[in-house]
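>>> What follows is a predicted protein model with its sequence.
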Amino acid sequence: MTERVLSLLDPPPPDDDQPADAGMLPAPAGWPAPPERAAYHELLGEIVNRIAPHTEADPVAILTQLLVSFGAAVGRGAWFTIEATRHHANEYMCLVGDSARGRKGSSWDHVRRLILTADPSLEPRVLTGLSSGEGVIHSVRDPTGQDPGISDQRLLVIEPEFASVLRASSREISTLSPTLRSAWDGRPLAILTRTAPARASTAHISIIGHITQHELRRHTTTLELSNGYINRVLLIACRRQRLLPEGGDPDPLASTGLERLLATALKQARRTGQVRLDPDARELWHHAYRQLAAQPSDGILAQITARAEAHVIRLALIYALTDGQSQIGTAHLTAALALQDYAARSAAWALTGATGDPLAEQIHTILRAHPGGLTRTQISQTLNHNQPAGQIDHALHALNTAGRVTSTQIPTGGRPAQLWTVRA
């Protein structure tokens, strides 16, 4: 299939009555370069490239959501072992782009129809509304007493407003963050209360989130960075790719047989068991592992990509399973490395200037709403005088150092005031 996929990845010939690049939108300044072609591997590459000309959504958004949803559908029937740790095919991924124009929802609509055609049994396990650890565990709970529990402990969570998940996780008494961290790790989940204890022994939880760059900066705090919550999430920059005033083909995969191939691969993947590296992939993995482990260990970007090795091996596992293979080959590993590289570059783009300070991000949001700027006193007033002066000064300094705000002196009746504005 490889030769056929490579031909599909080349630009299609133009229609007779319009240029080849009709409707294509240029990337904004500073936008990360797209993933290497290797990421669009075999069956997944064919699927994405059949859909891409018929949607305004970003191909990488289709690809990554297809990977995550396929891994969710596989469940715990396939895994890769590192020491005593089993890595299953569950992943967390968040698309980062403009709220209305990023076409994140459009990309999911295509993937949702495809994955539920391949596996109709997954439909009741596709949910939304992450708000508490208790709620997550309840959705995948073991049987106990009179409660039959949930027999299918797969769960694919779709969160179009992932900012609300980050807000909920940051609450001091929230159990959401530790529960999701344990779920990504594949550990048993439990909440021990006297009235309603709950446990999920074999939960298989995957997450697809959507968020804007501004929301991500605002809600990525030092706590989530330090406890490893955010680095369990692959950040994927996506944007509107083309203009289709009348839309595209509503069923671009019709008569291609690709849906049938995906369903066959999924059925086989569930009974694969332990997946290993083939000899060539093992050599590549040892080299790549050393490179990934040698990345800088400080700074926000380093913290958010700290689990790159684990993400790569999980992605390689899913790529292998979509190929119907029980071994990870060099092509699967190369595809995973290409996608992880794009995720790292997406994180660098999305979090440029992020402070990790909730107050600084709150002040930045306030200043965005006042393009004419605010003085230090006006900022304090907007915060209802609830923040100490020293903390406000520290937050403004962090934003200024990050290049996201600027200050100018303005004359007053006495001592000049500092006018703070968002940097364009």
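Okay, I see it.

>>> quick check: longest helix of the chain.
Across the chain, the longest stretch assigned as helix under DSSP state H is helix 330-350.

>>> I'd like to know which elements that one is packed against.
On a contact count with 3 or more CB pairs under 8 Å, 6 or more residues apart in numbering; DSSP states H and E, helix 330-350 meets helix 59-74, helix 213-219, strand 233-237, helix 279-293, helix 300-304, helix 308-322. C-beta: built from backbone N, CA, C; applies to glycine.

>>> export these to CSV and tack on mean pLDDT?
Output for these, formatted as CSV (pLDDT from 0 to 100):
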stretch, mean pLDDT
helix 59-74, 98
helix 213-219, 86
strand 233-237, 96
helix 279-293, 95
helix 300-304, 82
helix 308-322, 97
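
>>> Tell me which of these lies nearest to residue 41.
helix 308-322 (5.6 Å; CB to CB).

>>> ok and that closest one relative to strand 233-237, angle-wise?
Angle, helix 308-322 to strand 233-237, by axes from the mean of the first three to the mean of the last three CA atoms, to 10 degrees: 80 degrees.

>>> hey, where'd the helices end up in the stretch 151-300 of the chain?
With DSSP state H, counting those that start in this stretch, the ranges of helices along the stretch 151-300 of the chain come out as 162-170, 176-185, 213-219, 222-226, 258-269, 279-293, 300-304.

>>> what residue ranges in the stretch 1-150 of the chain score low on pLDDT?
Scanning the stretch 1-150 of the chain for pLDDT under 70 picks out the ranges 1-22, 99-103.

>>> circling back: go through the helices of the stretch 151-300 of the chain and name the closest to residue 366.
The nearest among those, by CB to CB, is helix 213-219 at 11.1 Å.

>>> mind listing what the residue nearest to residue 189 when sequence neighbours are not counted touches?
Leaving aside its chain neighbours, residue 189 sits nearest to residue 200 (4.3 Å; criterion: CB to CB, 6 or more residues apart in numbering). Applying CB atoms under 8 Å, 6 or more residues apart in numbering to residue 200 gives the contacts 137, 140-142, 150, 153, 188-190.

>>> Pick the one among these closest to residue 107.
Among the contacts of residue 200, and counting by CB to CB, the member closest to residue 107 is residue 140, at 26.0 Å.

>>> Please give me every residue in contact with that closest one.
Neighbours of residue 140 in contact, by CB under 8 Å, 6+ apart: 150, 153-155, 189, 200, 203-205.

>>> got a markdown table for the helices of the stretch 151-300 of the chain, with mean neighbour count too?
Below are these laid out as a markdown table (neighbours: other CB atoms under 10 Å):
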| stretch | mean neighbour count |
| --- | --- |
| helix 162-170 | 21 |
| helix 176-185 | 21 |
| helix 213-219 | 21 |
| helix 222-226 | 16 |
| helix 258-269 | 18 |
| helix 279-293 | 14 |
| helix 300-304 | 20 |
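
>>> so can I have JSON lines of the ones you listed showing distance to residue 124?
Output for those, formatted as JSON lines (distance: least, CB to CB, whole Å):
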{"stretch": "helix 162-170", "distance to residue 124": "21"}
{"stretch": "helix 176-185", "distance to residue 124": "18"}
{"stretch": "helix 213-219", "distance to residue 124": "29"}
{"stretch": "helix 222-226", "distance to residue 124": "30"}
{"stretch": "helix 258-269", "distance to residue 124": "17"}
{"stretch": "helix 279-293", "distance to residue 124": "36"}
{"stretch": "helix 300-304", "distance to residue 124": "33"}
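
>>> Out of the ones you listed, the one nearest residue 69 is which?
So among these, helix 258-269 is nearest, using CB to CB, at 10.2 Å.

>>> Now do that closest one: which elements does it pack against?
Packed against helix 258-269 by the contact rule (3+ CB pairs under 8 Å, 6+ apart) you find helix 42-51, helix 59-74, helix 104-118, helix 308-322.

>>> could these be laid out in CSV, adding mean neighbour count and distance to residue 335?
Listed next are the helices and strands packed on helix 258-269 as CSV, based on neighbours: other CB atoms under 10 Å; distance: least, CB to CB, whole Å:
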stretch, mean neighbour count, distance to residue 335
helix 42-51, 22, 8
helix 59-74, 27, 10
helix 104-118, 20, 18
helix 308-322, 25, 5
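
>>> Tabulate those (CSV), appending distance to residue 277.
Shown next, in CSV, are the helices and strands packed on helix 258-269 (distance: least, CB to CB, whole Å):
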stretch, distance to residue 277
helix 42-51, 18
helix 59-74, 18
helix 104-118, 26
helix 308-322, 8
